[in-house]
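Undergrad: predicted model and sequence follow; I will ask about them next.
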Amino acid sequence: MKTVLLTGFEPFGGAAINPSWEAVRLLDGWSGDGFKVEVRLLPCVFGAAAEALLGFVDALRPDIAIAVGLAGGRPEISIERIAINVDDARFPDNAGQQPIDIPIVADGPAAYFTTLPIKAMAAAIREQDIKAGVSQTAGTFVCNHVFYALMHHLRGQGVKAGFIHVPFLPEQAAAYPVQPTPAMTLEEIVAGLRVAVEVALVVERDAVLAGGATH
């Protein structure tokens, strides 16, 4: 049985909800032919978020690990290509921390590429008439922080892992001071994440059949 770990974030910046968590929690326990999804919530706090995520990874030993976060203002589901080794916050996290130009891992590589099949995932989501694309930056806030920590922790293990950003929900976009602001319904986000997971599972299965078993 393959294990898929999905994580979402708690609300931050004074918001009442975070669509990343609202979406992934609806996928908790989803199972199919040879797989099961486990869902966990992360704090929007530098350090604590990475520690929590890596604890979940070590406990569950997933075959696929995807962290999901909010990128308010983006019009589509954004599948991230690269995590960079820097925390540089424009505003404080939920613990009041606001690191500026601080490495996530001292002496770590400048960046890590995702091991998810990002182009195939984005294309498959678009085939469902849901907006999706590959993003070249996960920012420098807590989303990038956990993305980098995840890839650093899993380096060399063959686990498919990465990060996906989702847009505002319509009710969030309607209250945003800049109008019009892009949004996506919760149903679309959930459907898009389902497709992303399905594509990742197919690629992971094919790798195993080809002799590239992960662990």
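TA: Thanks, I have it.
Undergrad: average pLDDT for stretch 172-186, rounded please.
TA: The average pLDDT within stretch 172-186 is 96.
Undergrad: give me the buried positions along it.
TA: Across stretch 172-186, burial judged by 16 or more other Cβ atoms under 10 Å covers 172-173, 181-184, 186. Where C-beta positions appear, they are placed from N, C-alpha and C, glycine not excepted.
Undergrad: what do you get for stretch 41-53?
TA: Of all the residues in stretch 41-53, those buried under the rule 16+ other Cβ under 10 Å are 42-50, 52-53.
Undergrad: out of those, flag the one nearest to K119.
TA: Checking these against K119 by Cβ to Cβ gives L53 as the nearest, at 24.7 Å.
Undergrad: now do that closest one against G73, distance only.
TA: Relative to G73, L53 is positioned 24 Å away (Cβ to Cβ, to the nearest Å).
Undergrad: with P170 instead?
TA: Separation of P170 from G73 (Cβ to Cβ) stands at 14 Å.
Undergrad: just the CA atoms of the worst-scoring helix or strand of the chain on mean pLDDT, as CSV, please.
TA: Least confident helix or strand of the chain, by mean pLDDT, DSSP states H and E, is helix 186-209 with a mean of 91. Only the C-alpha atoms of helix 186-209 are listed here, as CSV (Å, rounded to 0.1, in the frame of the first residue of the first chain):
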residue,chain,number,x,y,z
LEU,A,186,-12.9,24.8,-3.1
GLU,A,187,-14.4,22.1,-5.3
GLU,A,188,-12.0,23.0,-8.1
ILE,A,189,-9.0,23.0,-5.8
VAL,A,190,-9.9,19.6,-4.4
ALA,A,191,-10.4,18.2,-7.8
GLY,A,192,-7.1,19.6,-9.0
LEU,A,193,-5.2,18.1,-6.1
ARG,A,194,-6.9,14.7,-6.7
VAL,A,195,-5.6,14.8,-10.3
ALA,A,196,-2.1,15.8,-9.1
VAL,A,197,-1.9,12.9,-6.7
GLU,A,198,-3.2,10.5,-9.3
VAL,A,199,-0.5,11.5,-11.8
ALA,A,200,2.2,11.4,-9.2
LEU,A,201,1.1,7.8,-8.2
VAL,A,202,1.2,6.7,-11.8
VAL,A,203,4.8,8.0,-12.2
GLU,A,204,5.9,6.5,-8.9
ARG,A,205,4.4,3.1,-9.9
ASP,A,206,6.1,3.2,-13.3
ALA,A,207,9.4,4.0,-11.6
VAL,A,208,9.0,1.0,-9.3
LEU,A,209,8.1,-1.3,-12.2
